[in-house]
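**Student:** Model the structure of this input:
(2 chains)
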Amino acid sequence: AQKITQTQPGMFVQEKEAVTLDCTYDTSDQSYGLFWYKQPSSGEMIFLIYQGSYDEQNATEGRYSLNFQKARKSANLVISASQLGDSAMYFCAILRTSYDKVIFGPGTSLSVIP
Amino acid sequence: KAGVTQTPRYLIKTRGQQVTLSCSPISGHRSVSWYQQTPGQGLQFLFEYFSETQRNKGNFPGRFSGRQFSNSRSEMNVSTLELGDSALYLCASSPSRQGNSPLHFGNGTRLTVT
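**Tutor:** Numbering: from 1, shown residues only, chains lettered A, B, ... in the order given. Next comes the predicted model:
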């Protein structure tokens, strides 16, 4: 079975600072993908970044980067230079390459303080 | 390219009624998934359709059903509504069933059952 754990229900960060959102996962599969999504208060889910289990380099997309530690089964999202618009819920998700279904973690609520 | 479109955005129904939600995926996307999001249970997978076939189903009662049409548009139906069915229902599409294909979500349909 797959499971995603996000241990930080709520986080605060000062504007322009960096923040790390934690994600650990539990899977027996060797091949899988990890995703991060952002959900503002309006409700839409916005895809941020993807990391494949066999990718040797950590994924980077603009101000988002993923600190992937396969042996520890962690895929932490790092947001650099936080902006007020980054205030939202952030979800970590896992998908097996054989495509079963995408499993989401409980989410972390991020608030950016001016 | 237009995003995933879900209609309607908001619905208010009475217990015992049934409801049909609609989802138009991004053009060219053949996989459509449905999720239920509630404050208590988070994001839960309902089902996934690919090429008009249900490929996977979550742990929901038979009152929840869906289908996909030849143009990849999908509908979800909930019969005999219960108060606990009040939730945000999210539809997501992806171009294929490959493990590195992120889900692209619509804005959701917020269902309130009274």
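**Student:** pLDDT at the residue nearest to B:E52 when sequence neighbours are not counted, what is it?
**Tutor:** Computed as CB to CB, 6 or more residues apart in numbering or on different chains, the closest residue to B:E52 that is not its neighbour in sequence is B:Q68, at 4.9 Å. All C-beta spots, glycine's among them, are computed from the backbone N, C-alpha and C. For B:Q68, the pLDDT comes out at 97.
**Student:** And B:Q68, how close does it get to B:A92?
**Tutor:** Separation of B:Q68 from B:A92 (CB to CB, to the nearest Å) stands at 13 Å.
**Student:** Also A:D86?
**Tutor:** Using CB to CB, A:D86 is found at 22 Å from B:A92.
**Student:** quick one, which of the two is more surrounded?
**Tutor:** More crowded of A:D86 and B:A92, by other CB atoms under 10 Å in any protein chain shown: B:A92, with 25 against 19.
**Student:** Which strand residues bridge the more buried one?
**Tutor:** B:S33, B:F105 (DSSP bridges).
**Student:** contacting residues for it?
**Tutor:** B:A92 makes contact with A:M45, B:V4, B:V32, B:S33, B:W34, B:Y35, B:L103, B:H104, B:F105, B:G106 under the criterion CB atoms under 8 Å, 6 or more residues apart in numbering or on different chains.
**Student:** Present those residues as a markdown table; the columns should include pLDDT.
**Tutor:** Shown next, in a markdown table, are these (pLDDT from 0 to 100):
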| residue | pLDDT |
| --- | --- |
| A:M45 | 94 |
| B:V4 | 96 |
| B:V32 | 95 |
| B:S33 | 95 |
| B:W34 | 97 |
| B:Y35 | 96 |
| B:L103 | 90 |
| B:H104 | 93 |
| B:F105 | 95 |
| B:G106 | 95 |
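**Student:** Neighbour-wise, give me the winner out of those residues.
**Tutor:** In terms of neighbours by other CB under 10 Å, the contacts of B:A92 top out with B:V32 at 28 neighbours.
**Student:** Now do that one against A:R96, distance only.
**Tutor:** Separation of B:V32 from A:R96 (CB to CB) stands at 19 Å.
**Student:** tell me which parts of chain A are close to chain B?
**Tutor:** Listed as neighbours of chain B in chain A under the rule CB under 8 Å from any CB of the partner chain: A:31-33, A:35, A:37, A:42-47, A:50, A:52, A:91, A:95-107.
**Student:** Overlap of the contact sets of B:Q68 and B:A92?
**Tutor:** Counting by CB under 8 Å, 6+ apart, the common neighbours of B:Q68 and B:A92 are B:V32.
**Student:** remind me which residues of chain A are low pLDDT?
**Tutor:** In the predicted model, chain A carries pLDDT under 70 at residues A:1, A:97-99.
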